[in-house]
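J.: Task: produce atomic coordinates for the following.
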Amino acid sequence: MDFNDKIRELRESTGMSRKEFCEYFSIPYRTMTDWERDQRHAPDYVVRLLEYQIRTEGLRRGEG
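T.: Predicted coordinates:
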């Protein structure tokens with residue numbers, strides 16, 4: 001799975017819009033858009049940290 005697919009999958013798993021996700025995680029909207037459109041690549045550590053925070057905070061849709 002490509003990083004852009006993983007980032008999109010993580011965001012969609014929370015049920016948040018791109019704007020909500022960016023605001024929650026303090027990620028610039030343009031950066032997130034570029035990651036999802038595969039115009040830039042999110043560093044591996046960022047993907048892992050997002051995944052960890054989503055899991056530990058129970059942000060996945062249907063959890064919590």
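J.: contacts, neighbours, all on C-alpha from now
T.: OK.
J.: and the lowest-mean-pLDDT helix or strand in the chain, what does it pack onto?
T.: Of the helices and strands making up the chain, the lowest-confidence element is helix 3-14, at a mean of 92, by mean pLDDT, DSSP states H and E. Using 3 or more Cα pairs under 8 Å, 6 or more residues apart in numbering; DSSP states H and E as the contact test, the elements touching helix 3-14 are helix 29-36, helix 44-56.
J.: Tell me which of those helices sits most buried.
T.: helix 29-36 (a mean of 17; mean count of other Cα atoms under 10 Å).
J.: and that one, average pLDDT?
T.: Helix 29-36 shows a mean pLDDT of 96.
J.: Equivalent analysis for stretch 45-54, please.
T.: Across stretch 45-54, the per-residue pLDDT values average to 96.
J.: before we move on, the earlier item: compare the helices and strands packed on helix 3-14 and give me the one nearest Lys6.
T.: Nearest of the helices and strands packed on helix 3-14 to Lys6, taken as Cα to Cα: helix 44-56 at 7.6 Å.
J.: Now the closest one - C-alpha only, PDB.
T.: The C-alpha coordinates for helix 44-56 follow below in PDB (Å, rounded to 0.1, in the frame of the first residue of the first chain):
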ATOM      1  CA  ASP A  44       7.000   7.000   7.400                       C
ATOM      2  CA  TYR A  45       7.300   8.200  11.000                       C
ATOM      3  CA  VAL A  46       4.300  10.600  10.500                       C
ATOM      4  CA  VAL A  47       2.100   7.800   9.100                       C
ATOM      5  CA  ARG A  48       3.100   5.600  12.100                       C
ATOM      6  CA  LEU A  49       2.400   8.300  14.600                       C
ATOM      7  CA  LEU A  50      -1.000   9.100  13.100                       C
ATOM      8  CA  GLU A  51      -1.900   5.400  13.200                       C
ATOM      9  CA  TYR A  52      -0.800   5.200  16.800                       C
ATOM     10  CA  GLN A  53      -2.700   8.200  17.900                       C
ATOM     11  CA  ILE A  54      -5.800   7.200  16.100                       C
ATOM     12  CA  ARG A  55      -5.700   3.800  17.700                       C
ATOM     13  CA  THR A  56      -4.800   4.900  21.200                       C
END
